[in-house]
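Asks: when you get a sec, could you give me coordinates for this:
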Amino acid sequence: MGLRMVYTDHSLFGFSDAASIHINKALKWKLAHINACITVSHCNKENLALRGFVPPDKIYVIPNAVDTFKFTPNPSLRSPVNTVNIVCITRLTFRKGVDLMVMIIPEIIRKYPNVHFIIGGDGPKMSILLEMREKYNIADKVELLGGLHHGQVRDVLCRGHIFLNTSLTEAFCIAILEAASCGLLCVSTNVGGIPEVLPPDMIQLAPARPKPLIEKLEIAISKHKSIQSTKMHETVKRLYSWHKVAEHTEVVYYNVIKQPRLSLLSQVKLKMALGPLSGIFNVLMGFISLFVLMCCELIWPNDSIDIAEEFPHHEYMANPEKFGNHQFKVEEDNSSEQQAASSVQSSNSPRSTMKQRMNIKQMLSTSQLSTANGEDHDSSEQFPET
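Replies: Next up, the predicted model:
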């Protein structure tokens, strides 16, 4: 069809296992004539360029963000009190480093009896956490919350002083960003794109091994009284915003729109460059898709489909004011609430109550007359809620 394409990638894949090899081959085929790609970190960019054979100049790095209005610090929620609370909210899977967590927690509790772990999340590795609690008799020191609704995450984060992340691979890790926005000092494995997320004074990084992570946790525990939650929140608020993400994404799409559409011959050349066998197979699949598209056009002609009109983006970029004001402002409007309150007050007044009673008596008399005449009415239709 010659449509321009933008691919967004936010995951890291390997190169050696069988699943990754086949996924990378399919990705290479699909991205043969891509116009642009968006990744969430520079590590993610390098990974995608190597896996999909995408030129680096076609890959844009736009990091994720966090809603700093929802994730705000509140030290008064820290519980239990008189302890150093370490929070970990993650899916309990191998990739999230739960096996590392099991080796770290007993050692930290042995050295620091006033430490309390709060673990939120669920997954197949929950069983080894339960076994760890029973083995070391630390059920009172390790609190397992199970699966959490997203609306509960902020309150759980505010209970802690330190956030622990033991992931074995991450392209970005929004969990660290949410924890920092709530004013927690972060301790994390130094993998993937995590080193790009926060400044060094807000996070302690260590290799994905038990001993280095324990050492970084000890440093964080010694600093827990000097944590400036409000300052950390303001830093995250300044660095990350979904509005900035939207603006940068808009720039990518405008650059793609300016690129010319690829002709059918150009697409065939790009597919054939994938290799003697895979290129022919990819071209064959392309012609099959084109044939299916032509059949669909015969069954559902273009005249019967509502086609979106081309937006004059060049004219919009030259003169945005011509298209009106696109800045949305949320203003508190109490007029509807005042009207609702006045209606409630009027309905509770003696005069309105008397009118309602008279209407009910009138309907009762009407229903009795209709019943006497052999008519059958539904009581739910005759008596609406008052």
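
Asks: by mean pLDDT, flag the weakest helix or strand of this protein.
Replies: Taking mean pLDDT, DSSP states H and E as the measure, helix 379-382 is the helix or strand of the chain with the lowest mean score, a mean of 40.

Asks: in contact with I174, which residues?
Replies: N64, V66 (CB atoms under 8 Å, 6 or more residues apart in numbering). Placement of C-beta: from N, CA and C, glycine included.

Asks: ok, now how distant is it from D122?
Replies: Distance, I174 to D122, using CB to CB, to the nearest Å: 18 Å.

Asks: which stretches of this protein form strands?
Replies: According to DSSP state E, the chain carries its strands in the segments 6-9, 36-39, 59-61, 84-89, 115-120, 142-146, 162-165, 185-189, 203-206.

Asks: could the ones you listed go into a markdown table alongside mean neighbour count, distance to K25 and mean pLDDT?
Replies: Formatted as a markdown table, those follow (neighbours: other CB atoms under 10 Å; distance: least, CB to CB, whole Å; pLDDT from 0 to 100):
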| stretch | mean neighbour count | distance to K25 | mean pLDDT |
| --- | --- | --- | --- |
| strand 6-9 | 17 | 16 | 94 |
| strand 36-39 | 23 | 17 | 96 |
| strand 59-61 | 18 | 19 | 96 |
| strand 84-89 | 24 | 35 | 97 |
| strand 115-120 | 22 | 38 | 97 |
| strand 142-146 | 16 | 39 | 95 |
| strand 162-165 | 25 | 32 | 97 |
| strand 185-189 | 25 | 29 | 97 |
| strand 203-206 | 20 | 34 | 96 |
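
Asks: figure out which of those strands is closest to D306.
Replies: Ranking these by distance to D306, with CB to CB as the measure, places strand 6-9 first at 23.4 Å.

Asks: the closest residue to A139 other than its chain neighbours and M126, how far apart?
Replies: Of all residues beyond its chain neighbours, the one nearest A139 is R133 (4.7 Å), with distances taken as CB to CB, 6 or more residues apart in numbering. As for R133, its distance to M126 is 11 Å (criterion: CB to CB).

Asks: mutual contacts of the two, please.
Replies: Common neighbours of R133 and M126, counting by CB under 8 Å, 6+ apart, are L144.

Asks: who's more crowded, the two?
Replies: Using other CB atoms under 10 Å as the criterion, R133 and M126 rank with R133 on top: 20 against 17.

Asks: wait, that one sits on S127?
Replies: No. Contact between R133 and S127 fails when scored by CB atoms under 8 Å: they sit 11.0 Å apart.

Asks: which pLDDT value does the model give the residue nearest to A139?
Replies: pLDDT recorded at R133 is 95.

Asks: list the contacts for it?
Replies: A139, V142, L144.

Asks: and C88, by the same measure?
Replies: Applying CB under 8 Å, 6+ apart to C88 gives the contacts M101, F117, I118, I119, G120, G121, F163, L164, N165, T166.

Asks: can you pull the pLDDT of the closest residue to I62 other than its chain neighbours?
Replies: In space, I62 comes closest to H248 once its chain neighbours are excluded; the distance is 4.7 Å by CB to CB, 6+ apart. pLDDT, H248: 95.

Asks: so how far is S241 from H248?
Replies: Counting by CB to CB, the gap from H248 to S241 is 10 Å.

Asks: for G146, same thing?
Replies: In terms of CB to CB, G146 sits 32 Å off from S241.

Asks: check N44 too.
Replies: According to CB to CB, N44 stands 20 Å off from S241.

Asks: which one of those two has more residues nearby?
Replies: Taking neighbours as other CB under 10 Å, N44 and S241 compare with N44 leading, 25 against 15.

Asks: the more buried one contacts E170, correct?
Replies: No. With contact defined as CB under 8 Å, N44 does not count as touching E170 (9.5 Å).

Asks: common neighbours of these two, please.
Replies: L12, G192, G193.

Asks: please list all residues in contact with the second one.
Replies: Okay, so that is G192. Applying CB under 8 Å, 6+ apart, we find G192 in contact with L12, S41, C43, N44, S167, T169, E170, A171, F172, C173.

Asks: what's the PyMOL syntax to select whichever of those are buried?
Replies: Filtering these down to the buried ones (16 or more other CB atoms under 10 Å) takes a single PyMOL command:
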select buried, resi 12+41+43+44+167+169+170+171+172+173
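
Asks: can you lay out the contacts of G192 as a markdown table showing distance to Y253 and pLDDT?
Replies: Converted to a markdown table, these look like this (distance: CB to CB, whole Å; pLDDT from 0 to 100):
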| residue | distance to Y253 | pLDDT |
| --- | --- | --- |
| L12 | 24 | 90 |
| S41 | 20 | 96 |
| C43 | 24 | 95 |
| N44 | 19 | 95 |
| S167 | 31 | 96 |
| T169 | 29 | 93 |
| E170 | 26 | 94 |
| A171 | 21 | 94 |
| F172 | 21 | 94 |
| C173 | 26 | 93 |
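
Asks: same list, the contacts of G192, but as a markdown table with distance to L31 please.
Replies: Output for these, formatted as a markdown table (distance: CB to CB, whole Å):
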| residue | distance to L31 |
| --- | --- |
| L12 | 16 |
| S41 | 18 |
| C43 | 18 |
| N44 | 14 |
| S167 | 26 |
| T169 | 21 |
| E170 | 22 |
| A171 | 17 |
| F172 | 20 |
| C173 | 25 |
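
Asks: what's the closest of the contacts of G192 to D303?
Replies: In terms of CB to CB, no member of these lies closer to D303 than N44, at 43.5 Å.

Asks: nearest spatial neighbour of that closest one, chain-adjacent residues omitted?
Replies: That would be A171: by CB to CB, 6+ apart, it lies 4.4 Å from N44.
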